[in-house]
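**Q** A predicted structure for the sequence below; I have some questions about it.
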Amino acid sequence: MNNRLVIVPTYNEIENISKIVAAVIKLTPDMDLLVVDDSSPDGTGAVIKELQEEHDGRLHLIEREGKLGLGTAYIKGFKWALEKGYLYICEMDADFSHNPNDLLRLFEACENHSVDVAIGSRYVSGVNVVNWPMSRVLISYFASVYVRLITRMKVRDSTAGFVCYRKEVLEVIDLDKIRFKGYAFQIEMKFKAWKYRFKLKEVPIIFTDRKEGTSKMSGKIVSEAIFGVIRLKISSWFRKYRR
């Protein structure tokens, strides 16, 4: 078994899933891939089952009943990864907004540079976003500015969903107490890793908006992130972070 795992949550990603599997599996050094599919009506899960026969135990699938949210999909994947003994666990989108080749730099940061959480960052070296309307770029950028102001966490891309964790981080964070499901989930995971004094490092990437499929962004997700950050900061005053 490889010690590196990539977790990809899916919901109606049939246009992308075969290509993203091929792009990840071909990388060297080897890494395994876990797809967490929320019973996609378009048959994404069925495609994964067919592809599993080609990839000799390196492609895995968890199917869940109904659309249960991004955060809970990653939590499910994290727990599975820890049970299986993976040392480095990376999360990424299925739609090629994250370049699979950048996985190598995230894993390398954790494996060889004593980094506990490597963040594929759109904003650590300018604004590296392609094909987004300016309104969405501004919302995303200033959301991270807002998070820095409220939390004092020195991460320039706190909503990033392209992240590699050492297993020790996921073992220390109580995954059952992660409360948010959308982009606030990404903020909460980084914030708790930071509070536990793990070493976080941002690795510059270029984020390219999806070419196929449909975005899962919604007003509810944005609202959760805005108000969730305040609740997250306040709740941190009443607990101790020890490992």
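**A** Thanks, I have it.

**Q** okay, CA-based contacts and neighbour counts for the rest of this
**A** OK.

**Q** and residue 239, that's in a helix?
**A** No: looking at residue 239 with DSSP: H, G, I helix; E, B strand; the rest coil, it is coil, so not inside a helix.

**Q** and it, how far is that from residue 196?
**A** The spacing between residue 239 and residue 196, counted by C-alpha to C-alpha, to the nearest Å, is 11 Å.

**Q** per-residue confidence for residue 154?
**A** Note on residue 154: pLDDT of 94.

**Q** give me the number of residues near it?
**A** Neighbours of residue 154 under the rule other C-alpha atoms under 10 Å: 17.

**Q** distance check, it against residue 166.
**A** From residue 154 to residue 166 the distance is 19 Å (C-alpha to C-alpha).

**Q** for residue 242, give me its contacts.
**A** Going by C-alpha atoms under 8 Å, 6 or more residues apart in numbering, residue 242 touches residue 196.

**Q** next one: phi and psi at it?
**A** Main-chain dihedrals, residue 242, degrees, to the nearest 10: phi -120, psi 140.

**Q** now do residue 178
**A** Dihedral pair for residue 178: phi -70, psi 120, per degrees, to the nearest 10.

**Q** what's near enough to touch it?
**A** By C-alpha under 8 Å, 6+ apart, residue 178 lies in contact with 185, 188, 189.

**Q** leaving out the residues flanking it, which one is nearest to the first one?
**A** Here the nearest residue to residue 185 in space, its sequence neighbours aside, is residue 71; by C-alpha to C-alpha, 6 or more residues apart in numbering that works out to 5.6 Å.

**Q** now do the same for the one you found: helix, strand or coil?
**A** Classified using three-state DSSP, residue 71 is helix.

**Q** and residue 239 and residue 196? Which one has more around it.
**A** Set residue 239 next to residue 196 and count neighbours by other C-alpha under 10 Å: residue 196 wins out with 16 against 8.

**Q** how close does the spatially closest residue to that one that is not a sequence neighbour get to residue 79?
**A** Spatial nearest neighbour of residue 196, excluding adjacent residues (C-alpha to C-alpha, 6+ apart): residue 241 at 5.4 Å. Using C-alpha to C-alpha, we find residue 241 at a distance of 21 Å from residue 79.
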